[in-house]
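Novice: Build me a model:
(one chain, ligands or ions: 1)
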Amino acid sequence: MEITYKEIGKIRSNFKEAEGTPIQPTAKDSAKGRIELLAEYKQGLKDLAGFSHLILLYHCHKAGKAALTVKPFMEDKPHGIFSIRAPSRPNSIGLSVVQLEKIEDNIIYIKDVDILDKTPLLDIKPYVPEFDRRENVKIGWLEKNVAKLSSMKDDGRFTDK
Ligand SMILES: C[S@@+](CC[C@H](N)C(=O)[O-])C[C@H]1O[C@@H](n2cnc3c(N)ncnc32)[C@H](O)[C@@H]1O
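Specialist: Sure, this is the predicted structure:
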């Protein structure tokens, strides 16, 4: 099945290129950004201001060619694409949990951004711990690598120039 989505807005950030961008929202930078929601979707923001965190789903428009096994940022060994979070994947969908700072008209100010400037936004959902948090989690190959998170930046390996 072929599926077509339309962007609902753009994510704006200071990251014009992949190099130097945090590799996840929880890397220590707390980078700021904003969502410029298309005016036609503004009514959908009703009641969102009461949430502290948002789940953003977006199209990684600068993703490089998809491969099914790649070396991730955190380990110098290849892993299957579905066991890592690289943008260059069969469907280049990115997912980030960001902090909501404030909403002004159709602009949503956010923090903890690991997203390139002008990334097309597909959807916004409220982050709800009771829905989204899990206990007794296993994190596979990342177990022995995840402590590197705050010291790592994107080196551009998964992104087109
Ligand atoms: C490892 S990916 C993780 C993205 C998201 N948090 C996820 O888990 O799906 C993070 C990198 O994606 C890159 N990136 C962000 N927006 C992108 C876009 N629109 N196109 C291609 N790469 C992008 C950034 O350089 C960032 O360092």
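Novice: Could I get the CA-only coordinates of stretch 80-96 as PDB?
Specialist: Extracted C-alpha coordinates of stretch 80-96, given in PDB (Å, rounded to 0.1, in the frame of the first residue of the first chain):
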ATOM      1  CA  GLY A  80      19.300  -3.800  12.000                       C
ATOM      2  CA  ILE A  81      17.600  -0.500  11.200                       C
ATOM      3  CA  PHE A  82      14.600  -1.400  13.300                       C
ATOM      4  CA  SER A  83      16.900  -1.800  16.400                       C
ATOM      5  CA  ILE A  84      18.200   1.800  16.000                       C
ATOM      6  CA  ARG A  85      16.700   5.200  15.600                       C
ATOM      7  CA  ALA A  86      18.600   6.500  12.600                       C
ATOM      8  CA  PRO A  87      16.600   8.800  10.100                       C
ATOM      9  CA  SER A  88      17.700   6.900   7.000                       C
ATOM     10  CA  ARG A  89      15.200   4.000   7.200                       C
ATOM     11  CA  PRO A  90      12.500   2.500   4.800                       C
ATOM     12  CA  ASN A  91      10.000   5.200   6.000                       C
ATOM     13  CA  SER A  92      12.000   8.200   7.300                       C
ATOM     14  CA  ILE A  93       9.700   8.900  10.200                       C
ATOM     15  CA  GLY A  94      11.300  10.700  13.200                       C
ATOM     16  CA  LEU A  95       9.800  10.600  16.700                       C
ATOM     17  CA  SER A  96      10.800  13.100  19.500                       C
END
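Novice: how about the strands of this structure, start to end?
Specialist: Here the chain has its strands, by DSSP state E, at 9-13, 32-37, 53-59, 69-70, 79-80, 93-104, 107-111, 119-126.
Novice: In contact with Thr119, which residues?
Specialist: With contact taken as Cβ atoms under 8 Å, 6 or more residues apart in numbering, Thr119 is in contact with 10-11, 13, 58-62, 94. For every residue, glycine as well, the C-beta is placed using N, CA and C.
Novice: So which of those reach the ligand?
Specialist: The subset of these within reach of the ligand, by Cβ under 6 Å from any ligand atom, is 60-62, 94.
Novice: can you tell me which residues contact the most centrally placed residue in the chain?
Specialist: Nearest to the mean C-alpha position of the chain, by Cα atoms, centre = their mean, lies Ser96 at 3.3 Å. For Ser96, the contact set (Cβ under 8 Å, 6+ apart) comprises 24-25, 55-56, 58, 112-115.
Novice: likewise Ala31?
Specialist: 13-15, 22, 111-114.
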